[in-house]
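Undergrad: the following comprises the amino acid sequence and a computationally predicted model.
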Amino acid sequence: MTVRPRILLVDDEVAIQRTLGPLLRSRGYDVDIVGSGAEALRRAIEFPPHLVVLDLGLPDLEGTEVCRRLREGSAVPIVVLSARGAEADKVNALDLGADDYVTKPFGPDELLARIRVALRRTMTDEGQETGRFTAGDLLIDYDRRRVLVGEAEVRLTPKEFELLSLLARNHDRVLTHRTILKAIWGANAVEQTEHLWTLVAQLRRKIEPDPARPRYLLSEPWVGYRFVTGDAGPPG
């Protein structure tokens, strides 16, 4: 039997509830709607969702605090939906564990696409059990530390392989510059974004069909990077 993904929509705007609830249900999702952070945390425990759509401006708790508490006990995908468009707000939410960030006003098709890719990342186990990961013509063999583009093996430096592995294991999720820098170079390097820019450029030249128009490693300007496996995100 096919599982109907359950989405927890956390937003106190009645207009958003009345618009998104029917839209998501029409696409085959079960939807639970709440208007406060405290209720969201309670529902997430009682009826664990497959995905959370979370507003930041809630009447009781900051959405970022809800995100942090959810992430403490769950890997559920969290898509932030907020009128706050400042890069600092995006980076803060993503650093606290959100998987994606959509700014209001938004297009329904864009939000639905972001939801699909976030659900795909957690409701399938693509390549993780065998130690391999594939996306398009790209194959990553984690066990042998080999990367192939089509039939050709690509020689990566240890740091390039580490970066690619990190992004691929978190595919279709935005990772902030700070998150990546800390994972690759350690906590003392979180402000040294020029290292990351250089490494991404090197990696794109080796794995992308057209490095100037990336297919896999997409930029979220001033925020971070996203490894895309299917539905395209913003231009890289």
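TA: Thanks, I have it.
Undergrad: please count neighbours and contacts with C-alpha atoms only from this point.
TA: Noted.
Undergrad: report the residue ranges of every domain in the chain.
TA: Annotated domains of the chain cover 6-123, 132-227 [automatic domain parsing].
Undergrad: can you give the distance of the last one from its chain's centre?
TA: Read it as domain 132-227. Chain-centre distance of domain 132-227: 14 Å, with CA atoms, centre = their mean, to the nearest Å.
Undergrad: lowest-confidence helix or strand of the protein?
TA: helix 108-123 (a mean of 83; mean pLDDT, DSSP states H and E).
Undergrad: alpha carbons of the next helix or strand after that helix, as CSV, please.
TA: Later in the chain than helix 108-123, the nearest helix or strand by DSSP states H and E is strand 132-135. What follows is strand 132-135, C-alpha atoms only, in CSV (Å, rounded to 0.1, in the frame of the first residue of the first chain):
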residue,chain,number,x,y,z
ARG,A,132,27.0,4.2,-3.8
PHE,A,133,25.1,7.3,-4.9
THR,A,134,24.0,8.1,-8.4
ALA,A,135,22.5,11.3,-10.0
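Undergrad: list the buried residues in stretch 67-76.
TA: The neighbour-count check on stretch 67-76 (16 or more other CA atoms under 10 Å) flags 67-68, 70-71, 76 as buried.
Undergrad: ok, stretch 138-152 next?
TA: Buried-residue list, stretch 138-152, by 16+ other CA under 10 Å: 138-142, 147-149.
Undergrad: and the residues you listed as JSON lines, adding distance to Arg43 and pLDDT?
TA: JSON lines is the format used below for those (distance: CA to CA, whole Å; pLDDT from 0 to 100):
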{"residue": "Leu138", "distance to Arg43": "39", "pLDDT": "94"}
{"residue": "Leu139", "distance to Arg43": "39", "pLDDT": "93"}
{"residue": "Ile140", "distance to Arg43": "38", "pLDDT": "92"}
{"residue": "Asp141", "distance to Arg43": "39", "pLDDT": "89"}
{"residue": "Tyr142", "distance to Arg43": "37", "pLDDT": "83"}
{"residue": "Val147", "distance to Arg43": "42", "pLDDT": "94"}
{"residue": "Leu148", "distance to Arg43": "44", "pLDDT": "94"}
{"residue": "Val149", "distance to Arg43": "44", "pLDDT": "94"}
